[in-house]
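K.L.:
sequence below, structure please.
(chains A and B)
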Amino acid sequence: MAHLIQTLQDRLAAAIERVAGAEHAGTDPLLRPSAQPRFGDYQANVAMSLGKAIGTPPRKLAEAIVTAVSWDDVCEKVEVAGPGFINFTFRTAFLDEQLAGMAADPRLGVAAAASPQTVVVDYSSPNVAKQMHIGHLRSTIIGDAIARVLEHLGHRVIRQNHIGDWGTQFGMLIEYLAQSGQEAGDELKVADLEQLYRAAQQRYEADETFAARARRRVVDLQAGEPTAVKLWKALVEESKRHFAGVYRRLGVLLGDEDVRGESFYNEMLPQVVRDLEALGLLHESEGARVLYPPGFRNAESEPLGMIVRKRDGGYLYATTDLAAARYRIATLGADRLIYVTDSRQNQHFAMLFAALREAGWAPAGVRLEHVPFGMVLGKDRRPLKTRSGRNVRLDEVLDEAVERADRIIARKNPDLAGPQRREVAEAIGIGALKYADLSGQRIKDYIFDWDQMLAFDGNTAPYLQNAYVRVRSIFRKGEIDPRTLPAGAIGIAQPSERDLALRLLQFPAIVAAVADSLEPHRLCGFLYDLATAYHRFYENCPVLSAGEPALRNSRLVLCDLTARVLAGGLELLGIGTVEQM
RNA sequence: GCGCCCGUAGCUCAGUGGACAGAGCAGCGGUCUUCUAAACCGCAGGUCGGUGGUUCGAAUCCACCCGGGCGUACCA
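P.N.:
Have a look, this model is predicted:
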């Protein structure tokens, strides 16, 4: 079933073609929700811009568009106003019908993509042998939301957790483990990875003999020497267990099968360089092999290059990223590559994409996208750190989120206790944390503020979760199973019902917009507006005591639809709901 | 220096080239014998960093400037 915006859009396209000719058939009708109720439900602004282009007075063109096709089945009123706005007011019966269709649809009107794509989403990417910290939060949460949305739309989503499991730092870690009696083959038990890392680093800096042995271990590892490899593998395995624990708690859909670390591409690196050589794209600079994508300048305004092979023959992240992208396109069959990393890597990805195009490894049809995001700042507007200046550990952040949520629930709803309260605290705390990260424009830095993210007012997860709870509480109180409701029972009677209906019907378009823009905050904004519309409805429209059975049924269906969109929308963001809070 | 990003109410943030710029918090004032008041309603609060430009129309697009952040090859 075409959703209502699509219906209007299609009809506008037909009208424009009839009035302005086939060459303007594809013109965007500039359909928007109306700025004010007196301008109807939706407005099309196409007449002003198109009128100018084809030399017809906008008002005249608007009137021609209005009379070119019939709107009667959809709109009770179509008016031309001001300089050439076309204002549409839907027929209530049409809205009823649309809502009924949405209510009967398990996908809530969100159609699966007509031509599914293979999309690789690269996100999270923590480092082996280190605790996950606050710096991994945004990539993990935003990337997961994006992957969920694309998957829901029927795309084949391949998650890639590009963990940092390779590099010279493993020399000191291996040497440290070996010296502390860790036997190759033992399962590694490292309670605190961060501590191990620091200890190894300290030793490396203080002890020259140790450092020399550590460097030797790097060579061993690269050569596949069994002891070095075993210890390295043990480190990777322990780290993956740590990551999995954090992901489970965060409700992030990254599993072991999604882990494809830097080491995976090792054996491809020489070939990458050879192929770039063969393409004539590499130049010599101070002993390194360098690719210069056009348009990049360094501090001295000389061409800025990507080093793909160091003077000493080693490879860098640029080489690995090239190999990974090529693998994802050629082997995994990706139509779209998405990288969710902080905005500081903007230039790196711009160069990487330019290089991929230049090498012909990313054909024109493949979409390459960096999804940049800003930093997490403390209230002092400086990057968030602990008092001692260290990175804030993610598991500590999660604990604190749940603790704080638990305290709030204990205060506000003393009836809730025991394991149920714990479960609710988990959903509220983690949800609040994730939502705070998702609800603003991702490119901006955001200020990490417990009180704000856990507030039950404003654009927060608890507010949305509470709106859901309030809906569900109606069904509990009325002892009604929403599945037994007749979906077709909707009959809008009140203005606040109509506002709620229009809001609900936007859901499919919003999900599509998020999939295209990769901006989850749009979905957040929508859910917040929906919850607000529901609360107004809730104030004005008694449900259980609605009197007439038809009205009561209609409102119950509206309630259920609201609950399903709220829960479904939050689910797309990776945030859970609870029945009571 | 060059490049990228940010600048909207006291604070935290929305805002798709369209009609008088919107929320939440904080402030002031209302509304619970009635489905969770964890809510709702109202009042007050703005040279949309600045100056030009494009446009019938600019917070939104362009140029320059002012603030702030980040990047600027042998880490990732």
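K.L.:
how far does the host helix or strand of residue A:565 sit from the chain's center?
P.N.:
When secondary structure is defined by DSSP states H and E, residue A:565 falls within helix A:549-573. If you compare the mean C-alpha spot of helix A:549-573 with that of the full chain, they lie 24 Å apart, counting by CA atoms, centre = their mean, to the nearest Å.
K.L.:
list the buried ones in that helix?
P.N.:
Of the residues in helix A:549-573, those with enough neighbours to count as buried (16 or more other CB atoms under 10 Å) are A:551-570, A:572-573. No exception for glycine: its C-beta is placed from N, CA and C like everyone else's.
K.L.:
cool, stretch A:92-105 as well?
P.N.:
Taking 16+ other CB under 10 Å as the neighbour-count basis, stretch A:92-105 is seen to contain the buried residues A:92, A:94-103.
K.L.:
same question for the helix holding residue A:565, mean pLDDT?
P.N.:
Here the mean pLDDT over helix A:549-573 is 96, rounded to a whole number.
K.L.:
quick one: is it near RNA strand B?
P.N.:
No. Taking CB under 7 Å from any atom of the strand as the criterion, helix A:549-573 and RNA strand B are apart, separated by no less than 7.8 Å.
K.L.:
residue ranges with poor pLDDT in chain A?
P.N.:
Applying pLDDT under 70 to chain A flags the ranges A:1-2, A:182-191, A:299, A:301.
K.L.:
contact partners for the residue lying farthest from the centre of it?
P.N.:
Outermost residue of chain A with respect to the C-alpha centroid, by CA atoms, centre = their mean, is residue A:209; its distance is 47.0 Å. By CB atoms under 8 Å, 6 or more residues apart in numbering, the contact set of residue A:209 is empty.
K.L.:
so it belongs to a strand, correct?
P.N.:
No. Residue state for residue A:209 (DSSP: H, G, I helix; E, B strand; the rest coil) corresponds to helix; a strand is not indicated.
K.L.:
need the residues of the stretch 201-350 of chain A near RNA strand B, please.
P.N.:
For the stretch 201-350 of chain A, the contact set with RNA strand B under CB under 7 Å from any atom of the strand comprises A:262, A:285-288, A:290, A:297-302, A:304-307, A:310-312, A:314, A:316-317, A:320, A:343-348.
K.L.:
in PyMOL, select just the buried ones from those residues.
P.N.:
Of those, the buried ones can be selected in PyMOL as follows, counting by 16+ other CB under 10 Å:
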select buried, chain A and resi 262+288+290+304+305+306+307+317+320+343+348
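K.L.:
tell me which of the residues of the stretch 201-350 of chain A next to RNA strand B fall in strands.
P.N.:
Cross-referencing those against strands under DSSP state E gives A:285, A:288, A:290, A:306-307.
K.L.:
pick out the most distant pair among those residues.
P.N.:
Longest distance between any two of these is 11.0 Å, between A:285 and A:306; criterion CB to CB.
K.L.:
re the thing from before, mind giving me the packing neighbours of the helix holding residue A:565?
P.N.:
On a contact count with 3 or more CB pairs under 8 Å, 6 or more residues apart in numbering; DSSP states H and E, helix A:549-573 meets helix A:92-103, helix A:137-152, helix A:418-438, helix A:461-478, helix A:495-504, helix A:507-517, helix A:521-540.
K.L.:
how about the ones you listed, which one is nearest residue A:324?
P.N.:
If you check each of the helices and strands packed on helix A:549-573 against residue A:324 by CB to CB, helix A:137-152 wins as the nearest, at 15.3 Å.
K.L.:
tell me the angle of the closest one relative to helix A:549-573?
P.N.:
For the pair helix A:137-152 and helix A:549-573, the angle between their directions (axes from the mean of the first three to the mean of the last three CA atoms, to 10 degrees) equals 130 degrees.
K.L.:
pretty sure residue A:370 contacts residue A:341?
P.N.:
Yes. Checked against CB atoms under 8 Å, the pair residue A:370 and residue A:341 is within contact range at 7.0 Å.
K.L.:
list the contacts of the nearest residue to residue A:383 once chain neighbours are set aside.
P.N.:
Spatial nearest neighbour of residue A:383, excluding adjacent residues (CB to CB, 6 or more residues apart in numbering): residue A:375 at 5.6 Å. When the contact criterion is CB under 8 Å, 6+ apart, the partners of residue A:375 are A:342, A:383, A:445.
K.L.:
dihedrals phi and psi, the last one?
P.N.:
This points to residue A:445. Here the main-chain torsion angles of residue A:445 (degrees, to the nearest 10) amount to phi -70, psi 150.
K.L.:
mind listing what it touches?
P.N.:
Residue A:445 sits next to A:374-377 when contact means CB under 8 Å, 6+ apart.
K.L.:
buried stuff in stretch A:472-490?
P.N.:
A:472, A:474-475, A:480, A:482, A:485, A:487-490.
K.L.:
just the ones of those in helices?
P.N.:
Residues of the buried residues of stretch A:472-490 located in helices (DSSP state H): A:472, A:474-475.
K.L.:
for RNA strand B, give me its nearest residue in the stretch 151-300 of chain A.
P.N.:
Taking CB to the nearest atom of the strand, RNA strand B has its nearest neighbour within the stretch 151-300 of chain A at residue A:286, 2.9 Å off.
K.L.:
go ahead and confirm that residue touches residue A:310.
P.N.:
No. At 10.0 Å, residue A:286 does not count as touching residue A:310 under the criterion of CB under 8 Å.
K.L.:
so who does residue A:44 touch?
P.N.:
Remark: with contacts taken as CB under 8 Å, 6+ apart, residue A:44 is in contact with A:8, A:12, A:29-32, A:65, A:85-86, A:88.
K.L.:
let me fix that, I meant to ask about residue A:9.
P.N.:
By CB under 8 Å, 6+ apart, the residues touching residue A:9 are A:29, A:31.
K.L.:
any idea how far it is from residue A:174?
P.N.:
Distance of residue A:9 to residue A:174, computed by CB to CB, to the nearest Å: 60 Å.
K.L.:
what of residue A:168?
P.N.:
From residue A:168 over to residue A:174 the distance is 11 Å, taken as CB to CB.
K.L.:
equivalent analysis for residue A:434, please.
P.N.:
36 Å.
K.L.:
and if you look at residue A:372?
P.N.:
If you measure residue A:372 against residue A:174 using CB to CB, the figure is 34 Å.
K.L.:
what about the two, which has more around it?
P.N.:
residue A:174 (29 against 17; other CB atoms under 10 Å).
K.L.:
give me the residue from the stretch 1-150 of chain A nearest RNA strand B.
P.N.:
Of all residues in the stretch 1-150 of chain A, residue A:48 sits closest to RNA strand B, with a separation of 2.7 Å (CB to the nearest atom of the strand).
K.L.:
so what does the helix or strand where that residue lies touch, helix or strand wise?
P.N.:
According to DSSP H and E, residue A:48 maps onto helix A:46-54. Helices and strands in packing contact with helix A:46-54 are listed as helix A:4-20, helix A:58-68, strand A:85-90; criterion 3+ CB pairs under 8 Å, 6+ apart.
K.L.:
for it, the distance to its chain's centre please.
P.N.:
Between the mean C-alpha point of helix A:46-54 and the mean C-alpha point of its chain there is a distance of 36 Å (CA atoms, centre = their mean).
K.L.:
which positions in the stretch 1-150 of chain A make contact with RNA strand B?
P.N.:
Contact residues (CB under 7 Å from any atom of the strand) of the stretch 1-150 of chain A with RNA strand B: A:30, A:32-36, A:38-39, A:43, A:45, A:48-49, A:52, A:58, A:81-83, A:85, A:87.
K.L.:
any of these buried? List them.
P.N.:
Under a neighbour-count criterion of 16+ other CB under 10 Å, the subset of those counted as buried comprises A:30, A:34, A:39, A:43, A:45, A:48, A:58, A:85, A:87.
K.L.:
what's the closest of those residues to residue A:126?
P.N.:
Taking CB to CB as the measure, residue A:126 lies nearest residue A:30 of those, at 43.7 Å.
K.L.:
could you say which helix or strand contains the closest residue in space to residue A:433 that isn't next to it in sequence?
P.N.:
In space, not counting the residues next to it along the chain, residue A:433 is nearest to residue A:401; the distance is 4.5 Å by CB to CB, 6+ apart. When secondary structure is defined using DSSP H and E, the element that contains residue A:401 is helix A:394-412.
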